[in-house]
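Asker: Sequence and predicted structure, then a few things I'm wondering about:
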Amino acid sequence: MSGKWQKHDLGFLGGRRLRRSRMAGWSRDLVRENALTPADLIWPIFVIEGQNERQPVKTMPRVSRLSIDLAVEAAKAARAEGITALALFPNTDPAKRSEGGEEALNRDNLVCRALSAIKDAVPEIGLIADVALDPYTSHGHDGVMAGEEILNDETVEILTRQALVQARSGADVVAPSDMMDGRVGAIRAVLDEEGFEKTIILSYAAKYASAFYGPFREAVGSGARLKGSKLTYQMDPANAEDALREVEQDLAEGADWVMVKPGMPYLDICRLVKDSFDVPVFAYQVSGEYAMISIAAEAGAVDRDAAMAESLMAFKRAGCSGVLTYFALDMARKLNG
């Protein structure tokens, strides 16, 4: 094949070569379409009872459950790196779990004390509280049960009271993750009636019944307790249009922001929701996603920092306003040099 033929064959480019903009770091920076900053990251933290207690989560390398005093120090570290919000999840004492999840309504429960302590110490950081019953039920489900059935309306009544307790404890955002019908409207009504009109509702609007939640359930102590599956209330992974109906309903009921969960396997849903509604869309890079990257890195299969950064940029490219990720502090430190 002659050099002359090759030169002629490239004539269709008309002088335009897309690689020119990629040749130098400064030009790549200049034309980059999306940016990731520490302010895009929400750090999920698991809290436990005790003082100066740190319990590693065996399926999540570098992640530990923290006692409230250490969670306060973690919040200070996060804020120093430019992270603007934390999401708190309790590992409730098994003795305080019950069929009806009554501990969720205790103003002095673990997560409420953590919310208050962090808000007192780091008032400028946003606090997101999970509204669901699975950390409090003996059966591991997000709602109360009658036989094998998860009761929708009875669960919603409890969730509204749980959200109010959390708002009173210092939560800036309440995040119903239970997937019961009508819970957003009920929570909004109660918050407004009780003077919490400024409290944001971040609805887990498109939460799928996923295989990627396993390490999280270990971290909050609900995995071994789970009786049956969550397929009757969480979404079918085969469905996309169903997500739009869920989001539309939650927005109509008063949700301020919406969540897609899990994250990376559902980037198409993130983009679909963003293009359809043009509201703040968040994604949760869930425990199974984190574990896959981290354990692969420990095995030498991927570069941890590179995979972490690439995976998080994918959420921004898909239209997300922010990402809940266990990589948050590490990523923020990397971004800050």
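Answerer: Arrived safely.

Asker: Now for Lys230, how many residues are close by?
Answerer: The number of residues packed near Lys230 is 21, by other CB atoms under 10 Å. Backbone N, C-alpha and C define where each C-beta goes, glycine included.

Asker: Next: Gln166.
Answerer: With other CB under 10 Å as criterion, Gln166 counts 28.

Asker: Do I have it right that it meets Val174?
Answerer: Yes. Gln166 lies in contact with Val174 (CB atoms under 8 Å); the separation is 5.6 Å.

Asker: Give me the common contacts of the two.
Answerer: By CB atoms under 8 Å, 6 or more residues apart in numbering, Gln166 and Val174 have these common neighbours: Ala129, Val131.

Asker: just checking, what packs against the lengthiest helix in the chain?
Answerer: If you go by DSSP state H, the chain has its longest helix at helix 152-169. In terms of contacts (3 or more CB pairs under 8 Å, 6 or more residues apart in numbering; DSSP states H and E), helix 152-169 is packed against helix 110-121, strand 126-131, strand 173-176, helix 183-193.

Asker: where does the first one sit relative to the chain's centre, distance-wise?
Answerer: Put plainly, it is helix 110-121. Relative to its chain's centre, helix 110-121 lies at 19 Å (CA atoms, centre = their mean, to the nearest Å).

Asker: Ok, the third one next?
Answerer: Here strand 173-176 is found 11 Å from its chain centre; the criterion is CA atoms, centre = their mean.

Asker: what's the answer for the last one, then?
Answerer: Its chain's C-alpha centre and that of helix 183-193 lie 22 Å apart, by CA atoms, centre = their mean.

Asker: pLDDT of the longest helix of the chain, averaged?
Answerer: Mean pLDDT, helix 152-169: 97.

Asker: Now do that helix: everything it contacts.
Answerer: 100-101, 104-107, 109, 111-113, 115-116, 119, 129, 131-133, 142-144, 174, 176, 178, 180-183, 186-187, 189-191, 194, 196, 199, 233.

Asker: What would I type in ChimeraX if I wanted to highlight the buried members of the residues you listed and nothing else?
Answerer: The ChimeraX command for the buried members of the contacts of helix 152-169 (criterion: 16 or more other CB atoms under 10 Å) is given here:
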select :100,101,104,109,111,112,113,115,116,119,129,131,132,133,142,143,144,174,176,178,180,183,186,187,190,191,196,199,233
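
Asker: quick one, which of the helices and strands packed on helix 152-169 is nearest to Asn52?
Answerer: Asn52 sits nearest to helix 110-121 of all the helices and strands packed on helix 152-169, at 13.9 Å, using CB to CB.

Asker: Specify the stretch among the helices and strands packed on helix 152-169 that is closest to Ile295.
Answerer: Nearest of the helices and strands packed on helix 152-169 (CB to CB): strand 126-131, 25.0 Å.
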